[in-house]
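Colleague: test case, fold it:
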Amino acid sequence: MRFRILAAEAWRSLAANMSTTLAATVTVLIGMFLVGATIGVGTWLLSWSDNVERQLVVNVYFCRALSCPNAGDAKQSEMDKVANQVSQFPEVRNVDFVSREEALDIMEKRTPELVAGLPSNPLPDKLKVTVRNGRDVFVLKQRLTPRPAGVESVEYGGQTARKIVKFVALIGAVVVVAVLLLLLASMLLIANTIRLSIFSRRREIEVMKLVGATNWFVRGPFMLEGLICGVVGAVAAVLLLFVTKTVVVPALPGDVESSSGAEAWPFVLQAGVLLLIGLALGAAGSGLTIRRFLRI
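Modeller: You can find the predicted model right below:
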């Protein structure tokens, strides 16, 4: 019964202040749409950056008589020992042995003009080491310094790897900051709307207090107003994002998602997150405003 009264009061307030309610809902819609778009694009960028990081590998090249005249060709026992040692490192995801014959076949397929007319195979045997995280290439490089017996060189991309790792970290930071700023802006907009509603009903609130209304009975309608504005704005934002996903995105030139292997969060998950955010923002915005501006 009490909840029904609070809901009726909240609805009456929303209807009486329709322009303010509409402004709050539209601002929440815009904020939630931007948050949803940022989440979609941001999760795709993070997935893409993870794919880029996974392409960072450490190549461990074994000695050949031509490149290591003092040591000669690496022995099979030496190569096995290095492979076992590397596979036990916690930073390593996978270790693949690529023989010189396999390396030559790969080069023939990619750049046949470079191998045409070669009198012999100049390529060494190697280990192709895939790390768990892009930063692990530097750790693995340190672990293999000094080089084990039979190893000619250890290559990991150098400056290119450092740039990729820094770029991936920058993408993550930008996505987090953008989402936080948009959430803060949306919460402040809801709080401002509730404050205007409180100011316009200050005399009514005084009368309610004089007849014995409790603090929570007075606060209840404003809390519901904030929740309604947040949820309605979030639902409208989800619908707008769905239209954008189904109409605008397929019309873009190229197939970026499938070609890059990166994937954003599923739309259902994004919609659920937006609804929860809208609910939380409505509660937080109204609660913050009531605490700071409603002196009862």
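Colleague: any stretches of the stretch 101-250 of the chain with poor pLDDT?
Modeller: Along the stretch 101-250 of the chain, segments meeting pLDDT under 70 span 158-159, 190-191, 193-194, 197-202, 204-205, 208-209, 213, 215, 218, 248-250.
Colleague: where do the strands sit along it?
Modeller: For the stretch 101-250 of the chain, the strands defined by DSSP state E, counting those that start in this stretch occupy 126-131, 151-155.
Colleague: and the ones you listed, which is most packed in?
Modeller: Across the strands of the stretch 101-250 of the chain, averaging neighbours per residue (mean count of other CB atoms under 10 Å) puts strand 126-131 on top, at a mean of 20. C-beta coordinates here come from the backbone N, C-alpha and C atoms, glycine included.
Colleague: contact partners of that strand?
Modeller: Residues outside strand 126-131 that contact it (CB atoms under 8 Å, 6 or more residues apart in numbering): 54, 56-62, 79, 82-83, 86, 91-98, 103, 137, 140.
Colleague: and Val98, what does it touch?
Modeller: By CB under 8 Å, 6+ apart, Val98 lies in contact with 106, 125-128.
Colleague: ok, back up a step: closest to Leu210 out of the strands of the stretch 101-250 of the chain?
Modeller: In terms of CB to CB, the element of the strands of the stretch 101-250 of the chain nearest to Leu210 is strand 126-131, at 70.3 Å.
Colleague: ok, the closest residue in space to Leu240 that isn't next to it in sequence - contacts?
Modeller: Of all residues not flanking Leu240 in the chain, Phe33 sits nearest, at 5.4 Å (CB to CB, 6 or more residues apart in numbering). With contacts defined as CB under 8 Å, 6+ apart, Phe33 is in contact with 237, 240-241.
Colleague: Ser49: which of the contacts of Val98 is nearest?
Modeller: Using CB to CB, Lys128 comes nearest to Ser49 of those, at 21.3 Å.
Colleague: next secondary structure after the helix or strand harbouring the residue nearest to Leu240?
Modeller: Per DSSP states H and E: Phe33 is located in helix 18-54. Beyond helix 18-54 on the C-terminal side, the first helix or strand identified by DSSP H and E is strand 57-62.
Colleague: now the element after that next one, going C-ward?
Modeller: Going down the chain from strand 57-62, the next helix or strand is helix 76-87, by DSSP H and E.
Colleague: name the helices or strands packed onto that next one?
Modeller: Packing contacts for helix 76-87, counted by 3 or more CB pairs under 8 Å, 6 or more residues apart in numbering; DSSP states H and E, involve strand 57-62, strand 92-98, strand 126-131.
Colleague: go again using 6 Å as the cut-off
Modeller: In terms of contacts (3 or more CB pairs under 6 Å, 6 or more residues apart in numbering; DSSP states H and E), helix 76-87 is packed against strand 92-98.
Colleague: now the contacts of Phe33 as JSON lines including neighbour count?
Modeller: Output for these, formatted as JSON lines (neighbours: other CB atoms under 10 Å):
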{"residue": "Ala237", "neighbour count": "25"}
{"residue": "Leu240", "neighbour count": "16"}
{"residue": "Leu241", "neighbour count": "21"}
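Colleague: mind checking which of the residues you listed are in helices?
Modeller: Counting by DSSP state H, those place 237, 240-241 in helices.
Colleague: for Gly157, state which of those is nearest.
Modeller: Of all these, Leu241 has the smallest distance to Gly157: 37.5 Å, by CB to CB.
Colleague: what pLDDT does the nearest residue to the closest one once chain neighbours are set aside get?
Modeller: Nearest residue to Leu241 in three dimensions, chain neighbours excluded: Gly36, at 4.7 Å (CB to CB, 6+ apart). The predicted local distance difference test score for Gly36 is 82.
Colleague: what of Trp44?
Modeller: pLDDT for Trp44: 80.
Colleague: surely it touches Gln270?
Modeller: No. Taking contacts as CB atoms under 6 Å, Trp44 lies outside contact range of Gln270: 11.1 Å.
Colleague: give me the more crowded residue out of the two.
Modeller: Per other CB atoms under 10 Å, whichever of Trp44 and Gln270 has more neighbours is Gln270, with 21 against 17.
Colleague: who's in contact with that one?
Modeller: 36, 39 (CB atoms under 6 Å, 6 or more residues apart in numbering).
Colleague: mind checking which helix or strand it is in?
Modeller: According to DSSP H and E, Gln270 maps onto helix 267-293.
Colleague: state the mean pLDDT of that helix.
Modeller: In this model, helix 267-293 has a mean pLDDT of 75.
Colleague: which of the contacts of strand 126-131 are buried?
Modeller: 56-58, 60-62, 79, 82-83, 86, 91-92, 95, 98, 103, 137, 140 (16 or more other CB atoms under 10 Å).
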